[in-house]
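Trainee: Structure, please.
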Amino acid sequence: AALTVRFLTRRFIGEYGDMEFIYSHNLTVDGREILFHIWDVPNSQQAEEGSSEEKRIQWADSFVLVYSICDRASFNILPLKIQFIKAAKEGQNQEKVPIVIVGNKRDLHHQRVVSREEGRLLALSLDCGFYEVSAAE
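Mentor: Numbering: from 1, shown residues only. As a prediction, this is how the structure comes out:
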């Protein structure tokens, strides 16, 4: 949620509840106007691998999966999530689905438990993009 709000408003808000939101946002990229629809789902709601998660996957054209570099559990669930997304999306049309893994809280390096190299290697092994960021910065 913090990254989504930062992207949409350029402001940082540190605390969020476990609420799901859909945002719309226009942005000009390379001279083209692009309309983003962002379905922001907290990790606690992503845990369900039932019909509502499948509905989210079918709804989306691309995926940004965010973990905290300070939380090993948020990192460890990524391979299963990515496999689930790929099975649902790529099984339909054989087209590669754009997925990016983002390690958040780069500013909290003193609390880091997931190395940048681990994130990079996971993304490489799963054929995903990779970035480390700080929503706070």
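
Trainee: Can you show me the strands along the chain?
Mentor: 21-29, 32-40, 63-68, 99-104, 129-132 (DSSP state E).

Trainee: what helices or strands is the last one leaning on?
Mentor: The criterion is 3 or more CB pairs under 8 Å, 6 or more residues apart in numbering; DSSP states H and E, and the helices and strands that strand 129-132 contacts are strand 99-104, helix 116-125. Just so you know, the C-beta spots here come from the backbone N, C-alpha and C atoms, and that holds for glycine as well.

Trainee: re the thing from before, tabulate the strands of the chain in CSV, adding columns for mean neighbour count, mean pLDDT and distance to L3.
Mentor: Putting the strands of the chain into CSV (neighbours: other CB atoms under 10 Å; pLDDT from 0 to 100; distance: least, CB to CB, whole Å) gives the following:
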stretch, mean neighbour count, mean pLDDT, distance to L3
strand 21-29, 10, 80, 12
strand 32-40, 12, 81, 9
strand 63-68, 20, 91, 6
strand 99-104, 21, 94, 6
strand 129-132, 15, 97, 10
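
Trainee: wait, which of the ones you listed is closest to V113?
Mentor: strand 63-68 (8.8 Å; CB to CB).

Trainee: okay if I get the strands of the chain as CSV plus distance to R10?
Mentor: Formatted as CSV, these follow (distance: least, CB to CB, whole Å):
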stretch, distance to R10
strand 21-29, 12
strand 32-40, 15
strand 63-68, 18
strand 99-104, 16
strand 129-132, 18
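
Trainee: The longest helix seen in the chain: which residues count as buried?
Mentor: Assignment by DSSP state H gives helix 78-93 as the longest helix of the chain. Neighbour counts over helix 78-93 (16 or more other CB atoms under 10 Å) mark 78, 81-82, 85-86, 89 as buried.

Trainee: try stretch 52-71
Mentor: Per 16+ other CB under 10 Å, stretch 52-71 contains these buried residues: 53, 56-57, 60, 63-70.

Trainee: what's across from the nearest residue to T28 once chain neighbours are set aside in the sheet?
Mentor: Excluding its sequence neighbours, the residue lying closest to T28 (CB to CB, 6 or more residues apart in numbering) is I34, at 7.4 Å. I34 has these beta-bridge partners by DSSP bridges: L27.
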